[in-house]
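K.L.:
task: produce atomic coordinates for the following.
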Amino acid sequence: SFETPLQWVSIAKKVAWSAVFRKLFIIGNEAFKEQLETFHLAAHLILSEASDYWVGAMRNAMANQSAYRRGMALQGAFAGIPAVIIGAGPSLQKNGHLLKAFEKKALLFAGGSALNTIDVEPHFGASVDANAPYRQFKMHPFSEVPFCYQARMSRENFSLLHGEKILFPDSSSEAINWIHGEDLFDGGWTVGNFLTAIALHMGCHPIVFVGMDLCYQQGRKYAKIETDLPEGLIEARGALTQKDWLMSAKWTEERAYGRSFINATEGGILELPKEKLENVLERFSCERDLRVIVHEAIQQLPLLHCARPDTVNFETLLCPLWDIWRPIFEREVDLDPTQKIELHRNAFFQRVIEEYESFVL
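P.N.:
Sure thing, here's the model as predicted:
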């Protein structure tokens, strides 16, 4: 029980993590129920991502050692310039043909599967997925565009990049960062969130979302790309979606407060003010050579070189991983009080060290 809604966040987080990977059945206050379900879903995704102790992401980071430009140095570089965040949703087939007309009116951001579904070259590409499909990435035609990424990006896909590489700090682990001394970069749950965070960091305004369905439409996941329906889909907001997509929608909506976000997606689950893309195009009257502007801004940044990270660092790797995994072991201790959480922690640290030694040494 709680005496005031001010307690909701702390209680919801505690309950969510204590029940991570378990099913919840919630009776009571609807507002608290929604908050608890969100935290529970977030806990599930965070622990799932850390299920391999970030070994896969660290492997990629060690392989992706290349000269780069520092993304955080682009803060405010494009202040007041509109941005269009392009998703690969099925609705892109309805209005994607209009994107070419935005080339001199707004910065076009496309990442992940969207690179395979658009006909116009974006001003910025992006990827954050440690396990993105290589064959699909190899087929997109925009390998020369300035590319925003985190060190965890798939090393196979990273090898295909030929344009400027713009590195942003990791979203989950300081241990994976090449740029030491910088805070984690909140890139959300998907590459669409990552691009939105980058556009905000660069000062773009307003921000328009296109093809950001974040759900399946008539059994289709993407525009122009055929895929099978995966397992583990959920019903939410009247549509079939993925857990990370639902969290992606919530992340975007939270950041819309006090900002000009425009949802020009034809359908989908993103709950933002909607507007037809053709109407947005008519309102964006200012034209300029944005490719030259982007090129000049990037060239002003120094070209930096990666330094090998301290892969098994107590403060940046072991402790953050233990914070994520601790609730699982606390459940074991609750069931059997003769167990000691300290013994679980020491065994956990040893297991992580062994996993990293298998490829570091």
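K.L.:
can we go C-alpha only for contacts and neighbour counts from here?
P.N.:
OK.
K.L.:
what's V333 in contact with, if anything?
P.N.:
Residues near V333 by CA atoms under 8 Å, 6 or more residues apart in numbering: Q339, K340, I341.
K.L.:
would you reformat those residues as JSON lines and include secondary structure and pLDDT?
P.N.:
Listed next are the contacts of V333 as JSON lines, based on DSSP: H, G, I helix; E, B strand; the rest coil; pLDDT from 0 to 100:
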{"residue": "Q339", "secondary structure": "coil", "pLDDT": "91"}
{"residue": "K340", "secondary structure": "coil", "pLDDT": "93"}
{"residue": "I341", "secondary structure": "helix", "pLDDT": "95"}
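K.L.:
by neighbours, which of those wins?
P.N.:
Sorting these by how many neighbours each has (other CA atoms under 10 Å) puts I341 first, at 17 neighbours.
K.L.:
where's L290 relative to P206, distance?
P.N.:
From L290 across to P206, the span is 16 Å (CA to CA, to the nearest Å).
K.L.:
no wait, N95
P.N.:
According to CA to CA, N95 and P206 sit 19 Å apart.
K.L.:
please apply the same query to I225.
P.N.:
For I225 relative to P206 (CA to CA), the value is 29 Å.
K.L.:
the two - which one has more neighbours?
P.N.:
Neighbour count, other CA under 10 Å: between I225 and P206, P206 has more, with 18 against 15.
K.L.:
just confirm that one contacts A83, I think it does.
P.N.:
Yes: between P206 and A83 there is a contact under CA atoms under 8 Å: 6.4 Å.
K.L.:
next, show the common contact partners of these two.
P.N.:
Counting by CA under 8 Å, 6+ apart, nothing touches both P206 and A83.
K.L.:
who are the contact partners of S113?
P.N.:
Counted by CA under 8 Å, 6+ apart, S113 has contacts G87, A88, Q136, F137, Y222.
K.L.:
in PyMOL, how would I select the buried members of those?
P.N.:
In PyMOL, this line selects whichever of the contacts of S113 come out buried by 16 or more other CA atoms under 10 Å:
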select buried, resi 87+88+137+222
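K.L.:
sort out which one of the contacts of S113 lies nearest E275 for me.
P.N.:
G87 (16.1 Å; CA to CA).
K.L.:
where in the stretch 201-350 of the chain is pLDDT low?
P.N.:
Scanning the stretch 201-350 of the chain for pLDDT under 70 picks out 308.
K.L.:
residues in contact with the one helix or strand L195 maps to: which ones?
P.N.:
L195 belongs to helix 191-201 when assigned by DSSP states H and E. With contact meaning CA under 8 Å, 6+ apart, helix 191-201 is reached by 72, 74-76, 83, 85-87, 109-112, 126-129, 186-188, 207, 212, 248, 251-252.
K.L.:
then stretch 269-289?
P.N.:
95, 98, 101-102, 104-106, 210, 212-215, 237, 239, 249-250, 253, 256, 261-266.
K.L.:
of those, buried ones?
P.N.:
Looks like the contacts of stretch 269-289 have 95, 102, 104-106, 210, 212-215, 249-250, 261-266 buried, using 16+ other CA under 10 Å.
K.L.:
quick one: end-to-end distance for stretch 170-179.
P.N.:
End-to-end distance (CA to CA), stretch 170-179: 9 Å.
K.L.:
off-centre distance for it?
P.N.:
Here the centre of stretch 170-179 is set off from its chain's centre by 14 Å, with CA atoms, centre = their mean, to the nearest Å.
K.L.:
cool, stretch 41-56 as well?
P.N.:
Using CA atoms, centre = their mean, the offset of stretch 41-56 from its chain centre is 13 Å.
K.L.:
can you list the buried residues in that stretch?
P.N.:
Those buried within stretch 41-56 under the rule 16+ other CA under 10 Å are L41, A42, A43, H44, L45, I46, L47, A50, Y53, W54, V55, G56.
K.L.:
what residues does the strand or helix carrying the fifth one touch?
P.N.:
Think L45. Secondary structure assigned from DSSP H and E places L45 in helix 30-49. Outside helix 30-49, the residues within contact range by CA under 8 Å, 6+ apart are 8-9, 12-13, 15-17, 19-21, 26-27, 243-244, 247, 324-325.
K.L.:
any idea which of the contacts of S113 is closest to Y356?
P.N.:
Taking CA to CA as the measure, Y356 lies nearest F137 of those, at 27.7 Å.
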